[in-house]
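> Everything below, folded, please.
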Amino acid sequence: MKTATANNQIKKKRVPGRPKKTISRSDLLMIRLTPTEKQLIGQRAKNAGLKPSEWFRKAAKSARVFPRFTSEESGWFRMLSGMANNLNQLTHLAHVEGLPTLALKCQALIRQIEELLTKINSHDR
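Reported below is the predicted structural model:
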């Protein structure tokens, strides 16, 4: 509301009460914490000079979450595990029968492992 003064200047009438916040936090997210977790968050917030809720908001914004492995990636890891098992068995046979008889099998398995590791590494990028 505006009122006129004697000097023909327009002066804004002061609105009573606290000014409205520019960002309204209307949504609520409820979480459950153990007493230890709550104390840890409270201590970290205190060290940062923030309220626990503000510290938690900032931590959530800057958190880096890694997605779970896809079914394809899980399959690669199962294959790698199976290959490692085969390599163990071949190593045992090499000790029993002698290394020259199993050299070709070991080299083939090592090539397969290298191919799979290359595939996994290229998929991460």
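> next SSE after the helix or strand bottoming out on mean pLDDT in the chain?
Using mean pLDDT, DSSP states H and E, the weakest-scoring helix or strand in the chain turns out to be strand 2-4, at a mean of 52. Counting by DSSP states H and E, the element after strand 2-4 in chain order, helix or strand, is strand 10-12.
> Using CSV, write down the CA coordinates of the following helix or strand past that following strand.
Beyond strand 10-12 in the direction of the C-terminus, DSSP H and E gives the next helix or strand as helix 35-48. Only the C-alpha atoms of helix 35-48 are listed here, as CSV (Å, rounded to 0.1, in the frame of the first residue of the first chain):
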residue,chain,number,x,y,z
PRO,A,35,21.0,-42.8,18.1
THR,A,36,24.7,-43.1,16.9
GLU,A,37,23.8,-41.9,13.4
LYS,A,38,21.9,-38.9,14.9
GLN,A,39,24.8,-38.0,17.2
LEU,A,40,27.3,-38.3,14.3
ILE,A,41,25.2,-36.0,12.1
GLY,A,42,24.6,-33.6,14.9
GLN,A,43,28.4,-33.4,15.7
ARG,A,44,29.3,-32.9,12.0
ALA,A,45,26.7,-30.2,11.7
LYS,A,46,28.0,-28.5,14.8
ASN,A,47,31.6,-28.6,13.5
ALA,A,48,30.4,-27.1,10.2
